[in-house]
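Trainee: Would you be able to build a 3D model of this:
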Amino acid sequence: MEQDIKDNKTRKSLAVDVSTYDLLQKICDMERRSKIDQLKVLIENEYARLKRLEAHTEEEYRGVV
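Mentor: Reported below is the predicted structural model:
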């Protein structure tokens, strides 16, 4: 538990090109979130989408769908 809290406070730098940064800023302005909070939302949503796609693909492979 203590390790999880420590990991959530640790930050890594991430460099993006200017146009991507500007798009992120526009999204943040529209959603009224900080860049880090918006990135968390975008990444969590994409991860969930990919996991659903993976599960669906596995079901198709097994002939469940």
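
Trainee: Can you get me a residue count around S34?
Mentor: 10 (other C-beta atoms under 10 Å). C-beta: built from backbone N, CA, C; applies to glycine.

Trainee: For the spatially most central residue of the chain, give me its contacts.
Mentor: Closest to where the C-alpha atoms of the chain average out (C-alpha atoms, centre = their mean) is I43, at 0.3 Å. Going by C-beta atoms under 8 Å, 6 or more residues apart in numbering, I43 touches no other residue.

Trainee: Could you report the distance from it to E54?
Mentor: Distance, I43 to E54, using C-beta to C-beta, to the nearest Å: 16 Å.

Trainee: Helices along the protein, start to end?
Mentor: 2-9, 18-31, 35-62 (DSSP state H).

Trainee: got those helices as TSV, with mean pLDDT columns?
Mentor: Compiled in TSV, those are given as follows (pLDDT from 0 to 100):
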stretch	mean pLDDT
helix 2-9	67
helix 18-31	98
helix 35-62	93
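
Trainee: Can you report phi and psi for S13?
Mentor: phi -80, psi 150 (degrees, to the nearest 10).

Trainee: Tell me, what's the model's pLDDT at it?
Mentor: We have a pLDDT of 93 for S13.

Trainee: Look at it and say how many residues are nearby.
Mentor: Other residues within reach of S13, judged by other C-beta under 10 Å, total 4.
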